[in-house]
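Colleague: What follows is a predicted protein model with its sequence.
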Amino acid sequence: MALSEDEQRLLAQMEEALAAEDPKLASTLRGTTTRRLHRRRAALAGVGFLIGIACLIGGMQLSPALSIAGFVIMLAASVIAVTSWRHVGDATASDSSSRSPQGEKAFMDKMEERWRRRQDEGK
């Protein structure tokens, strides 16, 4: 059963409000996060690297052109893996920074208070 135009518009507004209020939950509900996408790319690049090694070694037996193609595949896979892995780190850092700055600040305040108490008790 298809939604009417009003229902589709209302649903779109609800999705936008959810994304604005809790972007992490919204991305989880959408399915694929950027971190997961870049992890998948890095894993596929690893598989591509192994294929390149196989071509490089097989080319030693069959044809120098296959060895050259294997090297190029390995090089491309390495570049893709490194750039994807950097994006995974960037996504992780942005996720941790967007989680709860208030909670992190409260945690640090508690730790500083404990440190001060320990220093005062030692004197």
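Modeller: Received the coordinates, thanks.
Colleague: what stretches of this protein score poorly on pLDDT?
Modeller: Residue ranges of the chain with pLDDT under 70: 1, 27-33, 89-105, 123.
Colleague: residue nearest the centroid of it?
Modeller: The centre of the chain sits closest to R35, judged by C-alpha atoms, centre = their mean, with a distance of 1.6 Å.
Colleague: Would you mind measuring from that one to L25?
Modeller: R35 sits 15 Å away from L25, going by C-beta to C-beta, to the nearest Å. Every C-beta, even on glycine, is put in place using the N, C-alpha and C of the backbone.
Colleague: just G48 next, same as before
Modeller: G48 sits at a distance of 33 Å from L25 (criterion: C-beta to C-beta).
Colleague: and these two? which has more neighbours close in?
Modeller: Neighbour count, other C-beta atoms under 10 Å: between G48 and L25, G48 has more, with 17 against 11.
Colleague: Would you quantify the distance from that one to A65?
Modeller: Plainly put, G48 is 18 Å away from A65 if you go by C-beta to C-beta.
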